[in-house]
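Engineer: let's see this in three dimensions:
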Amino acid sequence: MKINKVLEIKKGSAKVLEMPVAKPAAGFVRVRQTIAPNCIEHRVFKTGFIEWHETHTSLGHEGVGVVEAVGPGETRYKVGDRVVIFQGWACGDCWVCENGLGATHCINIKGPQEIEEANSSESGGAGFCEYRLVPNNMLSKIPEGLSDKYASAANCLIGCTYTPVREHHITQEHVCVVGGVGFIGLATIVNLKYRGAKVIAIGRDTKRMARAAELGADVIINSEDEDWLEQIQAHTIDNRGADFSFECSGYPYYQQKCLDSLRHYGTMIQLGYAADQGTDLKWDLNTEYGVCWPKKTITASFDVDFRHRREILETLCDPWMQEKVDKLVTHTFPMSKAAEAFEMLNDRNGVEEFVGKVHLIPGE
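Structural biologist: Residues are numbered from 1 along each chain as shown. Okay, here's the model as predicted:
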């Protein structure tokens, strides 16, 4: 077996272990990863909390790299192919998969441990490792000329915010509110501006809001202002409210504001995924007056659809989009120094410069 460098994350600890990784089984390939972006895994370093699909050595879910070995009978991919790795293991057969929708929403979705079991491997099922075992339906080839850095944005950056903007057919006719401006909120702003929408960003962090303006947000509003809602309405026709709102934090504070900012018959899209699981995440929603009377819609998305994978990679070839990715991805660390990265992410207010998306480099 090949030896794999794997990041183990526990509360206050992040260290690289050496673990065996097997040859890929039928239906799988093995990828040598070049970039493993951090999503919200810094929460484990802060709190020790892991989710149902994780272990301390199977964290991280984004990645790009080069196919290094293929399973028996594999014809879709060959050694040397540059690929984007999408998260999880979608079944390919359920209603969600057959309709080309979000793999993360697959009815039979499987996680890293099941990937490792299918390959009789001790490691390689998740993203924070040098060699990763990947189901062949969770890959896309990177177009020639597109760098790994920009291709990596097809995951939980431009990618996971691309589908909800596209599927709601948002254009320059629409006014959209983005609440909770972390890297997901900033990426949502980019996707909205790519399609010409008017964007109103609401938040409290001055560095993030300054970056939102750099990325094209038309209006910046402090969510702590007493008249924040009136300010939003003043930028809409007849003060009626926004057509769409995108909640990008996962916290009730912004969920309520994003719902309130909508016009009647408006739509709120929940994109946020709360990193601090120690916080009370219950949203005290009054459905009668908050949803029913104004006929508002609340929906959600976590992923780029199967049907949009090639399209998002083509979009990332656009120099306009690459310029925005450069403003979103702010720091790169060797995986051996992941603890430094997580400390920075968990203490953004103590860092002088703006902290956006962070890339880890496996094998270093």
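
Engineer: got the domain boundaries for this structure?
Structural biologist: Structural domains annotated on the chain: 2-155+304-361, 162-300, as defined by automatic domain parsing.

Engineer: quick check: phi and psi at the spatially most central residue of the chain.
Structural biologist: In the chain, the residue lying closest to the centroid (C-alpha atoms, centre = their mean) is residue 156, at 2.0 Å. Per-residue torsions, residue 156: phi -80, psi 60 (degrees, to the nearest 10).

Engineer: which residues touch stretch 149-161?
Structural biologist: 35, 37, 39, 61-64, 82, 84-87, 140, 142, 183-184, 187-188, 190-191, 246, 271, 301-304, 309, 312-313, 315-317, 321-322, 325, 328-329, 357, 359 (C-beta atoms under 8 Å, 6 or more residues apart in numbering). C-beta: built from backbone N, CA, C; applies to glycine.

Engineer: quick one: terminal-to-terminal distance for it?
Structural biologist: 17 Å (C-alpha to C-alpha, to the nearest Å).

Engineer: can you list the domains of the chain in JSON lines and add mean neighbour count?
Structural biologist: Shown next, in JSON lines, are those (neighbours: other C-beta atoms under 10 Å):
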{"stretch": "domain 2-155+304-361", "mean neighbour count": "19"}
{"stretch": "domain 162-300", "mean neighbour count": "19"}
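
Engineer: including mean pLDDT, could those domains go into TSV?
Structural biologist: What follows is these, written out as TSV (pLDDT from 0 to 100):
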stretch	mean pLDDT
domain 2-155+304-361	96
domain 162-300	95
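
Engineer: strands of the stretch 251-364 of the chain, start to end?
Structural biologist: Assigned by DSSP state E, counting those that start in this stretch, the stretch 251-364 of the chain shows strands spanning 262-270, 297-300, 329-334, 357-361.

Engineer: want to try JSON lines for the ones you listed, with distance to residue 135 as columns?
Structural biologist: Compiled in JSON lines, the strands of the stretch 251-364 of the chain are given as follows (distance: least, C-beta to C-beta, whole Å):
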{"stretch": "strand 262-270", "distance to residue 135": "27"}
{"stretch": "strand 297-300", "distance to residue 135": "24"}
{"stretch": "strand 329-334", "distance to residue 135": "26"}
{"stretch": "strand 357-361", "distance to residue 135": "22"}
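
Engineer: quick one, which of those is nearest to residue 113?
Structural biologist: strand 357-361 (21.0 Å; C-beta to C-beta).

Engineer: for the longest helix along the chain, packing partners?
Structural biologist: Ordering each helix of the chain by length in residues (DSSP state H) puts helix 183-194 first. Helix 183-194 sits against helix 158-167, strand 175-179, strand 198-203, helix 206-214, strand 242-247, helix 319-328, with contacts defined as 3 or more C-beta pairs under 8 Å, 6 or more residues apart in numbering; DSSP states H and E.

Engineer: appreciated, that's everything.
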